[in-house]
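Undergrad: any chance you could fold what I've pasted below:
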Amino acid sequence: MLSKPIESMHVKLFHLLLYKKLNIIRECSILNEHIIHGGDSAKRMLLVLFNSVLQNTCVPNDWQTSIIIPIYKVKGKTKSDPSSYRSIALIPVVSRLFENLILGRIVKFLKTNFVNLPNPQQQGFQPNLSCLTTALRLLYKKLSCIT
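TA: Presented below is the predicted three-dimensional model:
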């Protein structure tokens, strides 16, 4: 399942990811706009490229590079203190698309083959779930114990 060739509909789904604001760098002169407005030929080229990476199990070196940008996070701390910053990694757009494609396959594989994965109590980093859903679930359990 994880190593089978990518179908064109997958590329169409991940084409939509480009409309989100992503932390990416412009490598090899490939921009978001090239992929967004590249039409079917750009999608076919991505499809060939991604399938080649899967078949050869070799990720291009350019996809393994990132630019680390420090972001000032704590107001009131001195800007000369390195602990006042968090970092974000800017990665190539093609790399980001491929990562999201592989992530989708892994999540689908895990949900198909492991019934309790993720644990039902795990609410963070899950689609349509958050800290609020955890709090509401806890509140519901407490109220159901009272009545």
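Undergrad: off-centre distance for the longest helix belonging to the chain?
TA: Ordering each helix of the chain by length in residues (DSSP state H) puts helix 93-113 first. Distance, stretch centre to chain centre, for helix 93-113: 8 Å (C-alpha atoms, centre = their mean, to the nearest Å).
Undergrad: same check on stretch 124-142?
TA: 22 Å.
Undergrad: mind exporting it as PDB, just the C-alpha atoms?
TA: Output in PDB follows, covering the C-alpha atoms of stretch 124-142 (Å, rounded to 0.1, in the frame of the first residue of the first chain):
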ATOM      1  CA  GLY A 124      -4.500  16.900  19.500                       C
ATOM      2  CA  PHE A 125      -3.200  16.900  15.900                       C
ATOM      3  CA  GLN A 126      -6.200  15.000  14.700                       C
ATOM      4  CA  PRO A 127      -8.700  16.100  12.000                       C
ATOM      5  CA  ASN A 128     -11.700  17.800  13.500                       C
ATOM      6  CA  LEU A 129     -10.500  17.400  17.000                       C
ATOM      7  CA  SER A 130      -8.800  19.800  19.400                       C
ATOM      8  CA  CYS A 131      -8.200  20.700  23.100                       C
ATOM      9  CA  LEU A 132     -11.800  21.900  23.100                       C
ATOM     10  CA  THR A 133     -13.200  18.500  22.100                       C
ATOM     11  CA  THR A 134     -11.100  16.900  24.900                       C
ATOM     12  CA  ALA A 135     -12.500  19.400  27.400                       C
ATOM     13  CA  LEU A 136     -16.100  18.800  26.200                       C
ATOM     14  CA  ARG A 137     -15.600  15.000  26.400                       C
ATOM     15  CA  LEU A 138     -14.300  15.300  30.000                       C
ATOM     16  CA  LEU A 139     -17.100  17.600  31.000                       C
ATOM     17  CA  TYR A 140     -19.700  15.200  29.500                       C
ATOM     18  CA  LYS A 141     -18.100  12.300  31.500                       C
ATOM     19  CA  LYS A 142     -18.200  14.300  34.700                       C
END
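Undergrad: past the longest helix of the chain, which element shows up next along the chain?
TA: Note on helix 93-113: by DSSP states H and E, the next helix or strand toward the C-terminus is helix 131-146.
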